[in-house]
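**Student:** Need the 3D shape of this:
(2 chains)
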Amino acid sequence: MHIAEGFLPWQHAAAWTAAAAPFVAHGIRTMTLAVRADPDSKLLLGASGAFCFVLSALKIPSITGSCSHPTGVGLGAVLFRPPVMAALGTVTLLFQALLLAHGGLTTLGANVFSMAVVGPWAAYGTYRAVRALTRSLPETTALGLAVFFASALASVSAYTVTSLQLALAHPDPADGFLGAFAAFAAVFSLTQIPLAVIEGLVTVVVVRLLSTVGRDDLRRLGVLRSPDPAPAAAHRTDEKAG
Amino acid sequence: MLIDAAAYRSPWRRLHPAVKGMLFGGLLVCALALPAWPGAPLAAAVALGAALGPARVAPRDFARAARGPLLFVLTGAAALLVSVGGPEGAVAFAPDGGARAAEVAGRAAAAVCCQIAFACTTPLADVLPRLSRAGVPEPVVEVVALVYRMLFVALEGSRRIRAAQTARLGYNGWRAGVRSAGALGAALFVRSYDRARRLQRGLECRGYTGALTVLVAESPLRPAALAAAAAPPVLVAAAVLGAGALGAAP
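**Tutor:** Residues are numbered from 1 along each chain as shown, chains lettered A, B, ... in the order given. Got it, this is the predicted structure:
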């Protein structure tokens, strides 16, 4: 849900850019420190950014039989954490504006705020909360639930913030901000709420497959819990005894 | 990618990005800041004229690039036509909704034309190395450049995997579609990381010290070109403000 170039008055575009700037600056600082501490991480960060871009360009089946695109915000936040996602998300949105004409340059700040700041933090908060609540469940079930809710809520929160931004920019002459918010949210919710559910389901499939074929990467990123050392220690003891 | 390919084909590719930024950025400011009528159509006409004329962007490419954002503009503007929860009922037509929607849509469509005209004449690879001069930290510029280089390979991989899935009826039905899209995302992640590690090993074998230096084609920034690029937006602003002043005169 990218706000197109020129859709926001310049005062609003400037205000949303100012609102997003501290988060992006923090993300850039985190990324810079990570690269300076470990220059090898530069290539992995590059790969992560390319993955985020392609993820948001993937076609997912829509309820109407047509295709749409996921935001990719939920999966990105779970894999790379919100501060890094603020920086990677900004890069992704800039590339989308200049390579695909999705979103604008003056509206970049507003799009960054909804999709690279609010979306990732909503996703990560939901992910941590569901992981804490489902601690007693098996790892695969707990991870699936956490990823589904994180991804779906990230998507919904990004659309809600976009509706809010549009309503603030173009309030209803009769009903003001609330009337405009209801109109924008009603228009977008028809397609975006089912899409958020579908994106949640697709993300669960992604993470379930990754927990089989990319287990080490998920452990290194802190998504999967480290294996219980007890069985390995017991195994070594058995070997010694044997 | 359509826009990047058009940018590499354009003869304006050799111009310094600041010159094109001045021209299309200035027109963008005209579209946003001047009165929408006739400011927006005039700015759009000049941007389109420059892109399809001397910059030789194919009209078909331009139209395909503009289709997506213009759809958003129309959808967003449609919401301005209705009023929700007012005295006239739950959903009713807003009294001056048509005029507001037309103004916002006109302004945004003109701005989209300026943005696409810039993007279709300026390859991103020419802009990225100059980010460090704009104060962006060097490591971040290198990560951004890496993202740019890797995303084409990732996109190509995604297209190939999707074609193979489609050939195996992977998108035949909603449930299969969700499963295939998930499998595609997972495969992309694994491939991206694997490629980054192999690239790392290859660079280390060539004496990689942490700096990815690349040659950037030097294009001098001439003040005369910059002044010439500023002329069309200044003329558009003068025409719109002049017409407004004449219209207001008794």
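**Student:** Assumed residue A:39 was part of a helix.
**Tutor:** No: assignment of residue A:39 by DSSP: H, G, I helix; E, B strand; the rest coil gives coil, placing it outside any helix.
**Student:** separation between it and residue B:208?
**Tutor:** 8 Å (Cβ to Cβ, to the nearest Å). Any C-beta I mention is one placed from the backbone N, CA and C, and that applies to glycine too.
**Student:** ditto for residue B:217
**Tutor:** Applying Cβ to Cβ, the value for residue B:217 to residue B:208 is 24 Å.
**Student:** Could you tell me how many residues sit around residue A:157?
**Tutor:** Counted with other Cβ atoms under 10 Å in any protein chain shown, the neighbours of residue A:157 add up to 24.
**Student:** If you drop the residues flanking it in sequence, what lies closest to it?
**Tutor:** Spatial nearest neighbour of residue A:157, excluding adjacent residues (Cβ to Cβ, 6 or more residues apart in numbering or on different chains): residue A:122 at 4.0 Å.
**Student:** Residue B:151 too?
**Tutor:** Nearest non-adjacent residue to residue B:151, counting by Cβ to Cβ, 6+ apart: residue A:50, 4.1 Å away.
**Student:** who's in contact with the one you found?
**Tutor:** By Cβ atoms under 8 Å, 6 or more residues apart in numbering or on different chains, the residues touching residue A:50 are B:146, B:147, B:150, B:151, B:153, B:154, B:192.
**Student:** Which of the helices or strands spans the fifth one?
**Tutor:** Right, the one you point to is residue B:153. Here residue B:153 sits within helix B:138-167, counting by DSSP states H and E.
**Student:** what's the burial count for residue B:140?
**Tutor:** For residue B:140, the tally of surrounding residues (other Cβ under 10 Å) stands at 21.
**Student:** Leaving out the residues flanking it, which one is nearest to it?
**Tutor:** Residue B:140 sits nearest to residue A:28 (Cβ to Cβ, 6+ apart), 5.4 Å away.
**Student:** helix or strand right after the helix or strand harbouring the one you found?
**Tutor:** Here residue A:28 sits within helix A:10-37, counting by DSSP H and E. Following helix A:10-37 in sequence order, the next helix or strand is helix A:41-57 (DSSP H and E).
**Student:** So for residue B:217 and residue B:208, which residue has more residues nearby?
**Tutor:** A count of neighbours by other Cβ under 10 Å puts residue B:208 above the other of residue B:217 and residue B:208, at 16 against 9.
**Student:** Run the contact check for the helix ranked longest in chain B versus chain A.
**Tutor:** Criterion DSSP state H: the longest helix present in chain B is helix B:174-205. Yes: applying Cβ under 8 Å from any Cβ of the partner chain, one finds that helix B:174-205 is in contact with chain A at B:174, B:177-179, B:181-190, B:192-193, B:195-197, B:199-200, B:203.
**Student:** tell me the angle that helix makes with helix A:41-57.
**Tutor:** 160 degrees (axes from the mean of the first three to the mean of the last three Cα atoms, to 10 degrees).
**Student:** And the pLDDT at the spatially most central residue of chain A?
**Tutor:** The residue lying closest to the centre of chain A (Cα atoms, centre = their mean) is residue A:73, at 1.5 Å. pLDDT, residue A:73: 81.
**Student:** now residue B:212
**Tutor:** 73.
**Student:** What count of nearby residues applies to it?
**Tutor:** Using other Cβ under 10 Å, residue B:212 has 17 other residues around it.
**Student:** residues contacting the closest residue to it other than its chain neighbours?
**Tutor:** The shortest distance from residue B:212 to any residue other than its chain neighbours is 5.4 Å, reached at residue B:142 (Cβ to Cβ, 6+ apart). Going by Cβ under 8 Å, 6+ apart, residue B:142 touches A:35, A:42, B:211, B:212.
**Student:** Provide a list of residues in contact with the last one.
**Tutor:** In other words, residue B:212. Contacts of residue B:212 by Cβ under 8 Å, 6+ apart are A:42, B:142, B:145, B:146, B:203.
**Student:** For ChimeraX, what selects the buried ones among the residues you listed?
**Tutor:** The buried residues among the contacts of residue B:212 can be selected in ChimeraX (16 or more other Cβ atoms under 10 Å in any protein chain shown) with this line:
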select /A:42 /B:142,145,146
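**Student:** Run through the strands of chain A in chain order.
**Tutor:** Here chain A has its strands, by DSSP state E, at A:60-61, A:67-68.
**Student:** Could you tell me the least trusted of those?
**Tutor:** Among the strands of chain A, strand A:67-68 carries the lowest mean pLDDT, a mean of 56.
**Student:** same for the helix or strand harbouring residue B:230, what does it pack against?
**Tutor:** Residue B:230 belongs to helix B:223-248 when assigned by DSSP H and E. Packed against helix B:223-248, as judged by 3 or more Cβ pairs under 8 Å, 6 or more residues apart in numbering or on different chains; DSSP states H and E, are the following elements: helix B:17-33, helix B:36-52.
**Student:** what's the burial count for residue 56?
**Tutor:** Let's take chain A. For residue A:56, the count of nearby residues is 22 (other Cβ under 10 Å).
**Student:** Please refer instead to chain B.
**Tutor:** By other Cβ under 10 Å, 14 other residues sit near residue B:56.
**Student:** which residues touch it?
**Tutor:** Residue B:56 sits next to B:9, B:10, B:11 when contact means Cβ under 8 Å, 6+ apart.
**Student:** Please tell me which one of the residues you listed counts the most neighbours.
**Tutor:** For the contacts of residue B:56, the largest number of neighbours (other Cβ under 10 Å) sits with residue B:10, at 23 neighbours.
**Student:** I figured it hits residue B:120, correct?
**Tutor:** Yes: taking Cβ atoms under 8 Å as the definition, residue B:10 is a contact partner of residue B:120 at 6.5 Å.
**Student:** and for those two, which residues touch both?
**Tutor:** Residues touching both residue B:10 and residue B:120 by Cβ under 8 Å, 6+ apart: B:55, B:57.
**Student:** list the contacts for residue B:136?
**Tutor:** By Cβ under 8 Å, 6+ apart, the residues touching residue B:136 are A:28, B:144.
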